[in-house]
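**Student:** based on what follows, work out the 3D shape:
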Amino acid sequence: MILMTRSARSSLPSNMIFKDLKAYQHARRLAVVSRPLINRLPTVERDLADQWRRACNSIVLNLAEGVSRRGAKEFRRFTDVARGSLVEVEAVLDLVRHLDLFKPAELDEVIKAHDECARTVFGLLRKLSSAAA
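**Tutor:** The predicted model follows:
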């Protein structure tokens, strides 16, 4: 997992690849494993499906963009947006579970991917916050 202090961040090569970031890898997995369930939502839940898809994409894309920014403060800002989208996905999962749109077992893989993504994103935010302090 790539976690950076301020000094480590400033010494990184300018060609750092976002795909190497563990948080990005976990976010991408969450988006990929969510897609089949999103596609199975009933037509009446089109808005919920769109929101779920956009929130998953937002996590991935904000982490990628954050890596491209210079400085821990900018990286943290984009990572914080990703965190907000991650919480949004958690709310969607809670909602679809309570609306009985999927059996609990059908959600297991997505919940596991969400939890792994949350651990790495929140860990990254802690590291970036301590670097900025």
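**Student:** where does the prediction get shaky in this structure?
**Tutor:** Across the chain, the ranges flagged by pLDDT under 70 are 1-16, 132-133.
**Student:** all strands of it, in order?
**Tutor:** Remark: no strands are assigned in the chain by DSSP state E.
**Student:** for it, what's the longest helix?
**Tutor:** Longest helix in the chain by number of residues (criterion: DSSP state H): helix 104-132.
**Student:** what residues sit buried inside that helix?
**Tutor:** Across helix 104-132, burial judged by 16 or more other Cβ atoms under 10 Å covers 107, 110-111, 113-114, 116-118, 120-121, 124-125, 127-128, 131. Where C-beta positions appear, they are placed from N, C-alpha and C, glycine not excepted.
**Student:** tell me what it is packed against?
**Tutor:** Applying 3 or more Cβ pairs under 8 Å, 6 or more residues apart in numbering; DSSP states H and E, we find helix 104-132 packed against helix 6-10, helix 22-40, helix 46-68, helix 72-98.
**Student:** ok, now with 6 Å
**Tutor:** Helix 104-132 sits against helix 22-40, helix 72-98, with contacts defined as 3 or more Cβ pairs under 6 Å, 6 or more residues apart in numbering; DSSP states H and E.
**Student:** the longest one vs helix 46-68, what angle?
**Tutor:** Helix 72-98 and helix 46-68 meet at an angle of 160 degrees, taking axes from the mean of the first three to the mean of the last three Cα atoms, to 10 degrees as the criterion.
**Student:** summarise which helices and strands helix 72-98 is packed against.
**Tutor:** helix 46-68, helix 104-132.
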